[in-house]
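Asker: Fold the following and give me the result.
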Amino acid sequence: MGLLKRLLGKEEQNHFKEKLKSAQEEDRVITMVEERKKSANLRELERYQKEAQEAQVKQMLDKIHKKNNQEMWKTKNTILGEKTTILNNDRPILKEKNIFMDNKTRIPFTKGGENMFFKY
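Answerer: Residues are numbered from 1 along each chain as shown. Below is the predicted model:
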């Protein structure tokens, strides 16, 4: 049953992809026909207008990104807004078990009988 669902799902996906591809090709053809109907001056004017509009959009996005960035650094919800240190009582990191040391011998873990850090 699951195999049948997968096969039908792939068939539907392939059908959707084919429809999407044909719609994109049709749109490309229509756009090309419309562009060829316009005069060269009109095409150039529209290109400059589009560039100016894109520049305005970029400026507006830059302002929004800058504002969001400033808010992120200044809010109290960030890590920087809190007064946390490694010595806090919430989770005293310095008093936790050292995972890199063998707590019985107080020597760093060895690899294959040899010390990982020191040679004797």
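Asker: Show me the shaky parts of the chain.
Answerer: By pLDDT under 70, the low-scoring segments of the chain are 1-8, 76-94, 101-120.
Asker: what element comes up after the host helix or strand of Glu34 heading to the C-terminus?
Answerer: Per DSSP states H and E, Glu34 falls inside helix 2-37. Sequence order places helix 40-74 as the next helix or strand after helix 2-37, per DSSP H and E.
Asker: Could you check the angle that next one makes with helix 2-37?
Answerer: 130 degrees (axes from the mean of the first three to the mean of the last three CA atoms, to 10 degrees).
Asker: Surely Ile99 forms part of a strand?
Answerer: No: secondary structure of Ile99 (DSSP: H, G, I helix; E, B strand; the rest coil): coil, not part of a strand.
Asker: what about it, distance to Glu11?
Answerer: 52 Å (CB to CB, to the nearest Å). C-beta coordinates here come from the backbone N, C-alpha and C atoms, glycine included.
Asker: for Ile64, same thing?
Answerer: 43 Å.
Asker: and what of Trp73?
Answerer: In terms of CB to CB, Trp73 sits 51 Å off from Glu11.
Asker: can you check Glu54 too?
Answerer: For Glu54 relative to Glu11 (CB to CB), the value is 40 Å.
Asker: the more surrounded of Ile99 and Glu11?
Answerer: Glu11 (10 against 7; other CB atoms under 10 Å).
Asker: give the contact list for that one.
Answerer: With contact set as CB atoms under 8 Å, 6 or more residues apart in numbering, Glu11 has no partners.
Asker: how near is it to Lys17?
Answerer: When Glu11 is compared with Lys17 (using CB to CB), they lie 11 Å apart.
Asker: same deal with Glu51?
Answerer: 33 Å.
Asker: Also Asn41?
Answerer: 39 Å.
Asker: cool, and Gly9?
Answerer: For Gly9, the distance to Lys17 - CB to CB - is 13 Å.
Asker: now do Gln70
Answerer: 43 Å.
Asker: what's the answer for Gln49, then?
Answerer: Taking CB to CB, one finds Gln49 at 34 Å from Lys17.
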